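J.: have a look at this fold, sequence not included:
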């Protein structure tokens with residue numbers, strides 16, 4: 001893992017569950033946890049994508065500061081991030097794309113429990129599908145990202161992602 005690893009993918013792809021399994025190996029932070037106190041109670045939807053872009057700049061400013069480069073690696077569960085905010089990547093960065101096969105992803109998204117993941121029940125399926133399509137084109141468009149191929153674990157469907165959940 002590089003000094004700064006970005007984990008992106010559509011809602012319900014298993015980002016939080018997979019990242020929680022890595023907490024013993026590296027620092028893990030999630031954009032939804034950072035923004036949660038501002039947006040969750042008011043159910044703010046507009047402006048979140050732009051805020052995620054601003055968080056990319058903020059995280060880079062902190063983590064890639066020359067005096068901080070010796071710190072342990074950090075995995076940032078960024079989720080939905082505009083391409084122009086994430087790319088190009090710097091020397092100490094990498095991007096991981098979690099994009100399960102379409103049918104599996106749809107099942108994971110629709111069976112996500114209330115309070116699940118880091119942002120609760122997802123209910124904007126049309127927006128999620130747009131992002132699935134957008135992420136599907138990233139590698140063909142030349143964006144430098146590694147697509148994660150994780151084993152399917154049907155026993156985790158419908159369960160809340162937590163630090164004990166492991167992979168997903």
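T.: Cool, the structure landed. Every value quoted in this text rests on a predicted model; they were computed, and no experiment measured them. Numbers count the residues shown, from 1 in each chain.

J.: going forward, measure contacts and count neighbours with C-alpha atoms only.
T.: OK.

J.: strands along this protein, start to end?
T.: All strands of the chain, identified by DSSP state E, fall at 4-8, 27-30, 74-79, 93-98, 146-148.

J.: so can I have a markdown table of these showing mean pLDDT and distance to residue 58?
T.: A markdown table is the format used below for the strands of the chain (pLDDT from 0 to 100; distance: least, C-alpha to C-alpha, whole Å):
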| stretch | mean pLDDT | distance to residue 58 |
| --- | --- | --- |
| strand 4-8 | 98 | 12 |
| strand 27-30 | 96 | 13 |
| strand 74-79 | 97 | 12 |
| strand 93-98 | 98 | 14 |
| strand 146-148 | 95 | 23 |
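
J.: nearest to residue 41, out of the ones you listed?
T.: Proximity to residue 41 (C-alpha to C-alpha) singles out strand 27-30 among these, at 17.6 Å.

J.: quick one: the closest one to chain centroid distance?
T.: From the chain centre to the centre of strand 27-30 is a distance of 10 Å (C-alpha atoms, centre = their mean, to the nearest Å).

J.: again, but for stretch 27-41
T.: Worked out by C-alpha atoms, centre = their mean, stretch 27-41 lies 11 Å from the chain centre.

J.: fine, thanks again, bye for now.
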